[in-house]
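Undergrad: sequence and predicted structure, then a few things I'm wondering about:
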Amino acid sequence: MCRAAKRRPGLYRRHAGAAHDAWGDAAAADAGSAEVDPAVAAIDGEAVYGGICMACHEAGVAGAPVRGDAAAWEPRLAKGMDTLYDHAINGFNAMPPKGGNPSLSDDEIKAAVIYMTQ
């Protein structure tokens, strides 16, 4: 469990496990049915997040959903993980592709997305 999850119990969910009530039924259904590629699962999503994503997702810069804010993530999670992966990899609205770091692999971005949505 990450440090943030210990500070805010109940706000986070396991990507491939049962969701906490804060995420709602749609997110729980998506999380329970999601298969995580073993190559992605082996990547430290927290480290990727800490290296680039947190610059916007800790403070909500330019409308970025803040990690741990269930209300902000719920409509995004309802669209499915594949949509979240696509937006993170290719960019969406104010977010540049790969958070502005083109040297990151698609799998590293997916691992960061999984970490952010836990």
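TA: Structure's in. What do you need?
Undergrad: may I ask which helix or strand of the chain has the lowest mean pLDDT?
TA: When each helix and strand of the chain is scored by mean pLDDT, DSSP states H and E, helix 3-7 comes last, with a mean of 39.
Undergrad: for the residue lying farthest from the centre of the chain, give me its contacts.
TA: Relative to the C-alpha centroid of the chain, counting by Cα atoms, centre = their mean, Ser103 is the outermost residue, at 18.9 Å. For Ser103, the contact set (Cβ atoms under 8 Å, 6 or more residues apart in numbering) is empty. For glycine as for every other residue, the C-beta is placed from the backbone atoms N, C-alpha and C.
Undergrad: now do the buried residues in stretch 65-85.
TA: 65, 67-68, 70, 73, 76-77, 81, 84-85 (16 or more other Cβ atoms under 10 Å).
Undergrad: ok, these vs Asp44, which is closest?
TA: Arg67 (15.4 Å; Cβ to Cβ).
Undergrad: isn't the closest one right up against Glu58?
TA: Yes: using Cβ atoms under 8 Å, Arg67 is in contact with Glu58, at 6.7 Å.
Undergrad: need the strands for the protein, in chain order.
TA: Assigned by DSSP state E, the strands in the chain number zero.
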